[in-house]
Structures are given as structure tokens and as C-alpha cells.
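Asker: for reference, the sequence and a predicted model appear below.
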Amino acid sequence: MTCVNEQKTHWHGRVTCRPPERDTVIDVPYVWSLVLLAVGLVLLALLLLRLFRELRRFKAVQRQVAHDLGDRSGLVKARVAGLKVAFSERRHR
């Protein structure tokens, strides 16, 4: 049996080929998974921050619209009350 770039090992009269041992290379494929997880979490955090900022802005606009609508409806009620007073005075003349 010929082993190319591998070490020959004799085991119970049989020759097997083993890959060469690596002393300096650390095989850690889970590091890429952790890097991708970290990048994903950072992106998620940025998107959530942007979402909450937009929600805060939306709530502020919503409050302003409700306030303006209340002011306008108050003005309409005041005009209606003024017209009622004017009509009632006109009838009594």
C-alpha cells in the first residue's frame, strides 16, 4: 500500500494510512458560526433601535394630531354655541 503525504501505520499486520498530524493549525469551525451569530445579533440590535426610534416618532405625531383635532373640535363647538346664542337673541327681538 502506498501512502502519499500521509504516515504509514502498522496495525495487526495491516498497513493503514493516516493523515499527517498538524501541530500549529487549530481546527475550530464553530468560530465562524459564532462570528455570524455575533454579526446577526448586532444587526438585529440596530434594527430594533431604529424601529423603537420610529415608533417614538410615530407616537409623538399621533399625540400632536390628537391634540390638534381636540383643539379644532373645541373651536367648532364654540362656534356652534355662539351661533345658538346669536339665533336665540335674534328670535327674541
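Answerer: Arrived safely. Numbers count the residues shown, from 1 in each chain.
Asker: give me the number of residues near residue 54?
Answerer: By other Cβ atoms under 10 Å, the residues close to residue 54 number 10. For glycine as for every other residue, the C-beta is placed from the backbone atoms N, C-alpha and C.
Asker: could you check the pLDDT of it?
Answerer: Looking at residue 54, its pLDDT stands at 97.
Asker: host element of it?
Answerer: Using DSSP states H and E, residue 54 sits in helix 30-91.
Asker: how far does that helix sit from the chain's center?
Answerer: Average the C-alpha atoms of helix 30-91, do the same for its chain, and the two points are 20 Å apart (Cα atoms, centre = their mean, to the nearest Å).
Asker: ok, residue 81 to residue 88 distance?
Answerer: From residue 81 across to residue 88, the span is 11 Å (Cβ to Cβ, to the nearest Å).
Asker: how about low-confidence regions in this structure?
Answerer: Applying pLDDT under 70 to the chain flags residues 1-13, 15-27, 93.
Asker: cutoff 50 now
Answerer: Applying pLDDT under 50 to the chain picks out no residues at all.
Asker: so residue 28 sits in a helix?
Answerer: No - read with DSSP: H, G, I helix; E, B strand; the rest coil, residue 28 is coil and lies in no helix.
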